[in-house]
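# the following block contains a protein sequence and its predicted model.
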Amino acid sequence: MSKKISISEVINAFTPAQEISDAKKFAGRTEYVNDAFIGLITKGSNIAIVGGRGIGKSSLARQIINLSEGDNSLLEKLNIPFDEKLDFLTIYLACGNSVKTISDLIIRLLTTKDCLYDWIYDIPNAYKELGKIQGGFDVKIAKLSSEIVDETQYSKAIQVHEIDVVFQNVLSEILKTKVAKDGILIVIDEFDQIEDPSGFAKLLKSLATNVPGVKFCIVGVAQDIQNLMKEHESSDRLFAGSVLNLPPMKPNELNEIIDTAENSINGFIKFNKSARDKLISLANGHPYIIHLIGKEALKTAYNEGIYEIDEEYILKTLKDIAEKEADPVLEGRYKKAVASSHQREAVLKSLAEVIQKDGEISTRDAYKIAIDYDVDNPSQYVGHLVSNDYGAEIVKIRERYYRFKDSLFATYVKARPWLTKKE
Ligand SMILES: Nc1ncnc2c1ncn2[C@@H]1O[C@H](COP(=O)(O)OP(=O)(O)OP(=O)(O)O)[C@@H](O)[C@H]1O
Ligand SMILES: [Mg+2]
């Protein structure tokens, strides 16, 4: 132990609240990085990243952004061959809940400073185009760029100029200036937040024809691209093989996350084999869970002067996480589902314990366990758990088969110590 480790280094060794931008800290996912790189260099293809909550979608998107801007350090680390540095003008937008339609999305892209607005401002022809959706040049564009655009403000103008045409023209004007050799990459995170994404496929098609050189990378919680875009027709051609459907991370990849965190504090505190095995089994493929528990464990270990973390310590940490509400959203959902009933908690836990590989839960399996927990009438509680009053965390698939709406929550249910006591 050469150098004293600071509390801030310990606290930031794991980053549950932050996606991974630094290639050195990005674990595993070799084949997906490879596919993403191919997606970037394939002319005319867009990229989509889909998968469950907390599985690592935004982190992969961050790596794609790095690659698109010519930083190939991740490819070097993963021994993925390359013979060029990419040069895209890349912009990133995370859809908050105010982006409800594709028009909202386009307005956001055009008028947000970190997105296209700064570029538009510097290019007179693009600036003129933007003026068309503001009902004239007198309106201060800066006002638009500040926050959410008032709907009436642009709806009037849209009647004159279709917003997607303006968008197309703006992109084309930016491309004409040859700011970046490979074109424009637009990364849209949390695409699933867009209530009504209809028209997006049409927009992609028309951009592909009229302004080649624009590529999208859309990211969101979904099982596949059709689900993400809420489109039934096939979008295969628009994404030409570049739909990255992120599965749970493998045990060795999760182990690498722990290595990286340990190395960042020069092994000042270590996770022994039993702690690692426990962490990896609790995480069930979710990198988020490794970061959440890892961070809390390191923090308390540091305060208590403990230098080796074992399985027992991980179990104790789980209690702390629940009590301190280290993840208020997951904890809030847990409390809503349980709503102070020991029997309902027992059924919730029983369901989480018997999830099959495909995510399905047979009530036969679950009820056996629930009855061992002394639940009299488990089916009644399953009825509660599918209802909105208890958060609708469970979804019925067909007679006697259910699944958790979200596998991250299911993982939390399994890992979390009991909230209630037996009456
Ligand atoms: N390849 C990786 N290596 C190390 N840590 C990772 C990796 N991928 C994701 N993480 C970590 O896992 C957590 C979740 O990652 P991220 O935010 O990228 O997931 P997400 O799928 O976008 O989640 P959400 O569904 O909440 O948007 C973060 O703490 C992030 O730091
Ligand atoms: Mg994300």
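Nice, I can see it. Ligands and ions are numbered 1, 2, ... in the order given.
# mind listing the helices for the stretch 201-350 of the chain?
225-229, 236-239, 251-264, 273-283, 287-304, 311-323, 328-338, 342-353 (DSSP state H, counting those that start in this stretch).
# dump the third one to PDB, restricted to CA.
What it means is helix 251-264. Below are the C-alpha coordinates for helix 251-264, written out as PDB (Å, rounded to 0.1, in the frame of the first residue of the first chain):
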ATOM      1  CA  PRO A 251     -20.200 -13.500 -14.600                       C
ATOM      2  CA  ASN A 252     -16.600 -12.800 -15.900                       C
ATOM      3  CA  GLU A 253     -17.700  -9.500 -17.200                       C
ATOM      4  CA  LEU A 254     -19.300  -8.600 -13.900                       C
ATOM      5  CA  ASN A 255     -16.100  -9.700 -12.200                       C
ATOM      6  CA  GLU A 256     -14.200  -7.300 -14.400                       C
ATOM      7  CA  ILE A 257     -16.200  -4.500 -13.000                       C
ATOM      8  CA  ILE A 258     -15.100  -5.400  -9.500                       C
ATOM      9  CA  ASP A 259     -11.500  -5.700 -10.700                       C
ATOM     10  CA  THR A 260     -11.700  -2.200 -12.200                       C
ATOM     11  CA  ALA A 261     -13.100  -0.700  -9.000                       C
ATOM     12  CA  GLU A 262     -10.500  -2.500  -6.800                       C
ATOM     13  CA  ASN A 263      -7.700  -1.300  -9.100                       C
ATOM     14  CA  SER A 264      -8.900   2.300  -9.000                       C
END
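# which residues touch A201?
229, 231, 233, 235, 238 (CB atoms under 8 Å, 6 or more residues apart in numbering). All C-beta atoms are positioned from the backbone trio N, CA, C, and that covers glycine.
# run the last query once more with 7 Å
229, 231, 235, 238 (CB atoms under 7 Å, 6 or more residues apart in numbering).
# for G44, find the nearest of the helices of the stretch 201-350 of the chain.
Of all these, it is helix 236-239 that lies closest to G44, at 8.7 Å by CB to CB.
# CA atoms of that closest one as PDB?
Extracted C-alpha coordinates of helix 236-239, given in PDB (Å, rounded to 0.1, in the frame of the first residue of the first chain):
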ATOM      1  CA  ASP A 236     -34.600  -4.100 -40.900                       C
ATOM      2  CA  ARG A 237     -33.200  -2.100 -43.700                       C
ATOM      3  CA  LEU A 238     -32.900   1.100 -41.700                       C
ATOM      4  CA  PHE A 239     -30.900  -0.700 -39.100                       C
END
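# walk me through the domains of this structure.
Taking automatic domain parsing as the reference, the chain has its domains at 29-246, 249-323, 328-415.
# is it possible to export these to JSON lines including mean pLDDT and distance to ligand 1?
Shown next, in JSON lines, are the domains of the chain (pLDDT from 0 to 100; distance: least, CB to the nearest ligand atom, whole Å):
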{"stretch": "domain 29-246", "mean pLDDT": "85", "distance to ligand 1": "3"}
{"stretch": "domain 249-323", "mean pLDDT": "97", "distance to ligand 1": "3"}
{"stretch": "domain 328-415", "mean pLDDT": "96", "distance to ligand 1": "8"}
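# could you dump these into a markdown table and include distance to E19?
Output for these, formatted as a markdown table (distance: least, CB to CB, whole Å):
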| stretch | distance to E19 |
| --- | --- |
| domain 29-246 | 4 |
| domain 249-323 | 10 |
| domain 328-415 | 15 |
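# tell me which of these lies nearest to A23.
Nearest of the domains of the chain to A23, taken as CB to CB: domain 29-246 at 3.8 Å.
# now the strands: where do they sit in the stretch 51-200 of the chain?
All strands of the stretch 51-200 of the chain, identified by DSSP state E, counting those that start in this stretch, fall at 88-94, 183-189.
# which of those strands sits most buried?
Across these, the average number of neighbours (mean count of other CB atoms under 10 Å) peaks for strand 183-189, which reaches a mean of 23.
# which strands and helices lie in contact with that strand?
With contacts taken as 3 or more CB pairs under 7 Å, 6 or more residues apart in numbering; DSSP states H and E, strand 183-189 sits against helix 57-68, strand 88-94, helix 163-176, strand 214-221.
# what do you get if the cut-off is 10 Å, keeping everything else the same?
If contacts are counted by 3 or more CB pairs under 10 Å, 6 or more residues apart in numbering; DSSP states H and E, strand 183-189 sits against strand 47-51, helix 57-68, strand 88-94, helix 102-111, helix 163-176, helix 200-210, strand 214-221.
# out of these, nearest to S242?
strand 47-51 (4.5 Å).
# which elements pack onto the closest one?
Strand 47-51 sits against helix 30-41, helix 57-68, strand 183-189, strand 214-221, helix 225-229, helix 236-239, strand 243-246, with contacts defined as 3+ CB pairs under 10 Å, 6+ apart.
# tell me how far the fourth one is from the chain's mean position?
Computed by CA atoms, centre = their mean, to the nearest Å, the chain-centroid distance of strand 214-221 equals 12 Å.
# so that strand versus helix 200-210, what angle?
If you take axes from the mean of the first three to the mean of the last three CA atoms, to 10 degrees, strand 214-221 sits at 160 degrees to helix 200-210.
# quick one, strand 214-221 and helix 57-68 angle?
If you take the same axes, to 10 degrees, strand 214-221 sits at 160 degrees to helix 57-68.
# tell me what angle strand 214-221 forms with helix 163-176.
Going by the same axes, to 10 degrees, strand 214-221 makes 120 degrees with helix 163-176.
# do the first one as well
Taking the same axes, to 10 degrees, one finds helix 30-41 and helix 163-176 inclined to each other by 90 degrees.
# quick one, what contacts E399?
T363 (CB atoms under 10 Å, 6 or more residues apart in numbering).
# for it, grab phi and psi.
Here is the backbone geometry of E399 (degrees, to the nearest 10): phi -50, psi 120.
# next, the distance between the ends of stretch 22-34.
Chord length of stretch 22-34, first to last residue, is 17 Å (CA to CA, to the nearest Å).
# could you do stretch 221-239 as well?
In stretch 221-239, first residue to last residue: 17 Å (CA to CA).
# again, but for stretch 172-187
With CA to CA as the measure, stretch 172-187 spans 18 Å from end to end.
# make 25 the first number, not 1, from now on.
Yep, numbering from 25; the last one is stretch 196-211 now.
# what about that stretch, distance to the chain center?
Computed by CA atoms, centre = their mean, the chain-centroid distance of stretch 196-211 equals 26 Å.
# same question for stretch 262-280.
12 Å.
# what's the answer for stretch 352-364, then?
Between the centre of stretch 352-364 and the centre of its chain there are 21 Å (CA atoms, centre = their mean).
# one more: stretch 341-357?
Worked out by CA atoms, centre = their mean, stretch 341-357 lies 20 Å from the chain centre.
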